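In: based on what follows, work out the 3D shape:
(chains A, B and C)
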Amino acid sequence: MTTTKSDVLLHTPGHVKHDGHNLTGFIIFLCSESIIFFAFFVGYGVLKLTAPTWYPDGVSGIAVREPLINTIILVSSSFVIYFAERYLHKKNYWGFRIVWLVTMLMGSYFVYGQYIEWSELTFSLSSGVFGSLFYLLTGFHGIHVISGILLMGLMLIRSFIPGNYERGEMGVESVSLFWHFVDVIWIILFVLIYVWQ
Amino acid sequence: MNLKDSINSKVSLILGITFAVFIDLILSKLMANWSYSWLPVQASKAAPYVDNLFAFETGIGTFIFLGCSGVIGWVLLFNRAPKYDESFGEPIEGNIKLEIVWTLVPLFLVIAIAIYSTNVNTTLQNLGEKIKYDSQKELPISLEQKQDSTNTIIDVIARQWNWEFKYPEGFSSSELHIPINKKVYFRLISKDVIHGFYIPAFRLKQDIIPGSIISYSLTPTRKGTYRLRDSMFSGAYFSQNQTNVIVESDDSYQAWIKKTVKKVPVNGLNRAGLLYEKRLEKGDKGWATIPPSPPPLVNDPGDPDSSHEG
Amino acid sequence: MTITNYDERIIKSNHPIPGAPNNWRRFFGFNTDAKVIGIQYIVTALVFLLLGGLLGMLIRGELITPPSDLFDPTVYNGLYTMHGTVMLFLFLFPILSGLTNLLVPPMIGAPDMAFPKLNALAFWLVPVFSIVLLTSFFVPGGPASSGWWSYPPVSIQNPLGHFLNGQMLWIVAIGLSGVSSIIGAINFVTTIIQMRAPGMGFFKMPIFIWTVLAAQILQLLGLPALTGGAIMLFFDLNFGTSFFNPETGGDPVLFQHFFWFYSHPAVYVMVLPVFGIFSELFPAYSRKPLFGYKFVAVASFGITILSLVVWVHHMFYTGTPMWMRNLFMFTTMLIAVPTGVKVFAWIATLWGGNLRLNTPMLFCLGGLFNFIFGGITGVMLATVPIDIHVGNTYFVVAHFHYIIFNTIAFGIFAGIYHWFPKFTGRMFYEGLGKVHFALTFIGATLNWLPLHWAGLLGMPRRVASYDPEFAIWNVIASIGAFLLGVASIPFILNMVSSWSRGKKAPPNPWNAIGLEWLLPSPPPHENFEDDIPTVLNEPYNYGLNKPFVLDEEFYISKALNDS
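Out: Below you'll find the predicted structure:
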């Protein structure tokens, strides 16, 4: 059944703006990533509740103070990154770059703090159930923090390219979302490992 | 079509369907009855319950299978298009009532089967506690201390790749002897990897998890020799990890105990070990395997060549 | 065929140029066109089907006699482990990704996938992890040999103690396969959600798109659990950690939970697209609308949601408590309901139809017939007391091969034949197709039907040798397996000769309804390019007075003109 309407109305142009999809794709990716962590959390919980021996010999717990400081810095950095995004949205590019850099520094401090904590521990990856889980969870999380910092570095470099934000700020939004994700994961990790002892 | 013809065709359709359903029911019942012969001999208290449930599901399954295949077969016979004919079939998009029926009827059927099966599960309750222990430390002593001493508790020790049965009277055997019509308790223990404690004639299977002791029980109801097979893949010579289960009268069982306690311990049944030695003689060709565990020292190494039923 | 008198740009072009002969080189490089990627996936996967099939025939060669007389048992264990792994990760998942790549953009009127470069990356990971997996045959100690499940502690025993061992390579390969699949899933879900043609609401999509969406969501939700478990297994194997190692306090059953939390939904990931294929082909070859489209569409998501809560049915006898067994028995049996909805809908679609029994339809009919049988044995396996008897026996092997091969592979063959003209631009040889079907159906039935009885009588699975009472079933099964090997010959002959010299295919050789059939065969680079039709109704209106798209005549004549 042919109608006599003009061709312009019937036939739709095909070239879709691919940029519109990146954020959706990234959010879907994050949902998937969170399930790996979720699997690790479940493993931690189950083994903590049912393993015949939890701590390795000579260990009866871990210090909470320094990790707590690290946690506060990491969580605060989520607020800082939010402000960086606000600057970008208002097109205050230098404001964005400086606050973004501060976020990166806070993230780097967190990684440094983790490294210090690791070097002072008396047990290793192969020290039984607790050792295995501790290093797996904090290590995997640490890789994500480092990746986040590297991605932020990439966004920082790109901010110097003229015309970078003409088609939207999807890159910065995605990395920011990733950073919040890394934060939430850490909060859960902190409760599981340091609070629930 | 006039009214008389349309009533006629409706009536013949209903008669046809009723006849087909009737034949389907008869064939399903026959299949259900036949299904008992597909299973090994029934040698435990659990077996009839399992077999009845299986026959029930075979009957229902046959009914559904024949019904669906019958319709498909009918369509294949009578609805084929002539060679270059691409004309449309009947333009029916759906029928909400029918769709609801074929959603709800299977739902109720499935719930009914689940309830029946849950009842059978409860009847078959033979899995006791599963206690985890630290394998660096000693095996904790008897799980079932709350049971009274008249009950037999046999330790079933699975290794890569042999079985050992330790009796409370202080001896061990490569074959499992149990008295008929008495509930017997086991502690299932693995010294290395996951094994499966599977006796087809009893319709019972329980994996043996290293690092845990699982208490298990069963009641044999038929005399004879049956096969115990390792059912969970446990490595290179997994297929060789089999032995016999001998169900005998209580007198015969007690006599066997008296005789075996006095015997000098020898190497138990360990086919895997023999095969591995042959492999080494031929130059250790093949892919990697850990060496088999040494055979357990048992008082009764059994008779591996004796025949078994089921 | 000389192409020396054509412009370099045509020879090197990444996509077909109208009027010029097709540049076959584009199938061998990093190409972002979903239609090229789809073919790359499918051909790669079919090569691995042959490899997996060869491994299968070696297995059946060993099992035709009771004693372990063909190979050393360690070799047998490696062979069956690799048979399962190759078939699942190198054949099934890639070929389904391939069909999905080919079909999704044209079916929804999109020019390509949402992330074309990621799409190509997802494909190129396949040869990478395939090489990783296959080199494990050549490392000292041989390949992974603890079954495709790799249950610890047996999988972490590492007899030779090397860091580079077959099991470790297996874990790396599976991990990379997971990355490839997750990338693919992100791509498919984004494409389907965001790039449909105007007018194509969810309830106007083809059922194949529904099932792909359902399957890819399952991949996203389930795969990471397997990845997590695999990472922990890797650490246990090579770094001495204690996740699953009971000697140092770990829990081997925990691995089973991680493994099956993904691997059960994985079987639905495999079967859902095939349900989609059945839903597309039955209406086309019965010349009737799909019966109960809305119920069938929604049932896809019913299956998705339920499949996430049934995984413990693989662990009924591993020491799970009774309440857990009862709960998961119930949820597993519930899946029969939405699956039954689909089966009845297909049968109702056939009823009163005008059936065309060509090769694709024969494979669909065979697949449906086998699926009914396989589904019934599935309900038996869901029943705890029965599963306790037949679990880990050949009854399970028979059941899952009935689903994986006799249903899913049949459906894949049906899809390949049905859409072959569309994407290659050639018709296949129908006679050879029918021979392929006959040999495959007979071979598959002989191979797996008898093994149900072997299992019921107590023959365990994964054994290299067995008690003599099981011999008869195994002999029949092995004959069936060799027949299946022979069946691959007409298939390969057909694919190769049809693609190179088959008759040129019209845009719509089957007179089917669907956006892909409104395109030339093969479709141009960006499918509808600038001219996407507006969809009015779902594509099943055979014989109904419901138009499919606005101005359909325009697209039909455009497709014929551009051919």
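
In: identify the residues contacting B:E169.
Out: B:E169 is in contact with B:257, B:261, counting by CB atoms under 8 Å, 6 or more residues apart in numbering or on different chains. Quick note: C-beta positions are derived from backbone N, CA and C, even for glycine.

In: C:L350 now?
Out: B:71-72, B:75, B:79, C:282, C:286, C:288.

In: can you add distance to C:W124, pLDDT and secondary structure and give those residues back as JSON lines?
Out: As requested, the contacts of C:L350 are exported to JSON lines (distance: CB to CB, whole Å; pLDDT from 0 to 100; DSSP: H, G, I helix; E, B strand; the rest coil):
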{"residue": "B:V71", "distance to C:W124": "46", "pLDDT": "95", "secondary structure": "helix"}
{"residue": "B:I72", "distance to C:W124": "42", "pLDDT": "97", "secondary structure": "helix"}
{"residue": "B:V75", "distance to C:W124": "45", "pLDDT": "96", "secondary structure": "helix"}
{"residue": "B:N79", "distance to C:W124": "46", "pLDDT": "93", "secondary structure": "coil"}
{"residue": "C:F282", "distance to C:W124": "35", "pLDDT": "97", "secondary structure": "helix"}
{"residue": "C:S286", "distance to C:W124": "40", "pLDDT": "96", "secondary structure": "helix"}
{"residue": "C:K288", "distance to C:W124": "42", "pLDDT": "95", "secondary structure": "coil"}
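
In: nearest to B:K258 among those residues?
Out: B:I72 (64.5 Å; CB to CB).

In: can you get me a residue count around the closest one?
Out: 18 (other CB atoms under 10 Å in any protein chain shown).

In: I'd like the contacts of C:L350 written out as CSV, with distance to chain A added.
Out: Shown next, in CSV, are the contacts of C:L350 (distance: CB to the nearest CB, whole Å):
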residue, distance to chain A
B:V71, 35
B:I72, 36
B:V75, 32
B:N79, 30
C:F282, 26
C:S286, 24
C:K288, 21
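
In: mind putting those in a markdown table, distance to B:Y133 included?
Out: Formatted as a markdown table, the contacts of C:L350 follow (distance: CB to CB, whole Å):
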| residue | distance to B:Y133 |
| --- | --- |
| B:V71 | 57 |
| B:I72 | 56 |
| B:V75 | 61 |
| B:N79 | 65 |
| C:F282 | 57 |
| C:S286 | 62 |
| C:K288 | 64 |
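
In: list, one by one, the residues from the stretch 201-350 of chain C near chain B.
Out: By the rule CB under 8 Å from any CB of the partner chain, the part of the stretch 201-350 of chain C lying against chain B is C:246-253, C:286-289, C:291-295, C:317-319, C:322, C:325-326, C:329-330, C:333-334, C:336-337, C:340-341, C:343-345, C:347-348, C:350.

In: any of those residues buried? List them.
Out: C:246, C:248-253, C:286-289, C:291-293, C:295, C:317-319, C:325, C:329-330, C:333-334, C:336-337, C:340-341, C:343-345, C:347-348, C:350 (16 or more other CB atoms under 10 Å in any protein chain shown).

In: how about the residues of the stretch 151-300 of chain B by chain C?
Out: So the stretch 151-300 of chain B meets chain C at B:192-194, B:196, B:198, B:200-201, B:203-207, B:209-212, B:214, B:227, B:229-240, B:242, B:275, B:279, B:285-290 (CB under 8 Å from any CB).

In: closest residue of chain A to chain B?
Out: Among the residues of chain A, A:P52 lies nearest to chain B; the distance is 4.1 Å by CB to the nearest CB.
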